[in-house]
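1. mind folding the following:
(one chain, ligands or ions: 2)
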Amino acid sequence: MATSEKNLSVYNKESLPNCKDMKIGFVVSEWNEDITQNLFQGGFDALLDVGVLKENIVRWNVPGSFELPYGCKKMQESFDMLDAIVAVGNVIQGETKHFDFVCQGLTQGIMDLNLKSDIPVIFCVLTDNTRAQSEARSGGVHGNKGAEAAIAAIKMAQLRKDAKFYKI
Ligand SMILES: Nc1c(NC[C@H](O)[C@H](O)[C@H](O)CO)[nH]c(=O)[nH]c1=O
Ligand SMILES: CC(=O)[C@@H](O)COP(=O)(O)O
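-> Ligands and ions are numbered 1, 2, ... in the order given. Predicted structure coming up:
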């Protein structure tokens, strides 16, 4: 299903675990800052809506999306009490192949963090052909990917808790 066939901001609160003790981090890219701020706000608002406490949310900024893996890694090391981290970025195709390398690098970096470390890192990065596509997915006609990512963070945080519970 393509994003254009769904609303990224829609979630079922009833299906979520108790979130009041969850601690969530955001690492936010400053490139395309209007878009990434909207993504962050969408995620922040969704977390409060489902019961996460404002004081249990931490945010760091990085210069661009290519720096997201490093920022998330340092956040994992600095705040080992976090239940999940959301990596927020927006990469828009320009005239050159730079888009491909930024997207490949950040995607591999975030996947590596998920496979090699304990705190889950959620991929809240819009990788779009046009600014219009990014605007539509950060609080526009297709909803807000930040909200989708925040809900994913809650679900992965709970999966991590459940996994520790069942570990002998
Ligand atoms: N063009 C975009 C970038 N480029 C910057 C890189 O992410 C990186 O900060 C730079 O290459 C220095 O290492 N970043 C985005 O997040 N979005 C873009 O559209
Ligand atoms: C994703 C990018 O780095 C890109 O927006 C930069 O634009 P250009 O490819 O025209 O240098």
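
2. so where's the longest helix in this structure?
-> Taking DSSP state H as the criterion, the chain has its longest helix at helix 145-166.

3. regarding the residue in the chain positioned nearest to ligand 2, what is its secondary structure?
-> Residue of the chain nearest ligand 2, by Cβ to the nearest ligand atom: Gly94 (2.2 Å). Bear in mind the C-beta positions are built from the backbone N, C-alpha and C, glycine included. Using DSSP: H, G, I helix; E, B strand; the rest coil, the structure places Gly94 in coil.

4. what about it, neighbour count?
-> Residues near Gly94, counting by other Cβ atoms under 10 Å, number 9.

5. going forward, count from 622.
-> Got it, the first residue is 622 from now on, which makes the last one we talked about Gly715.

6. the longest helix of the chain packs against which elements?
-> strand 645-650, helix 654-670, strand 705-713, strand 742-749 (3 or more Cβ pairs under 8 Å, 6 or more residues apart in numbering; DSSP states H and E).

7. please give me every residue in contact with the residue nearest to Met702 when sequence neighbours are not counted.
-> Nearest residue to Met702, sequence neighbours excluded (Cβ to Cβ, 6 or more residues apart in numbering): Lys644, at 5.8 Å. For Lys644, the contacting residues are 677-679, 700, 702-704, by Cβ atoms under 8 Å, 6 or more residues apart in numbering.

8. next, give me the two most distant ones among those residues.
-> Farthest pair in these (Cβ to Cβ) is Ile678 and Met702. Separation: 12.7 Å.

9. between those two, who's got more neighbours?
-> Ile678 (19 against 8).

10. tell me what the closest residue to the more buried one other than its chain neighbours is bridged to.
-> Nearest non-adjacent residue to Ile678, counting by Cβ to Cβ, 6+ apart: Ile645, 5.4 Å away. Counting by DSSP bridges, Ile645 forms beta bridges with Ile678, Ala705.

11. per-residue confidence at the closest residue to Ala770 other than its chain neighbours?
-> Distances taken as Cβ to Cβ, 6+ apart place Cys745 nearest to Ala770, at 3.5 Å, with adjacent residues excluded. Note for Cys745: predicted pLDDT of 98.

12. perfect, I'm done here.
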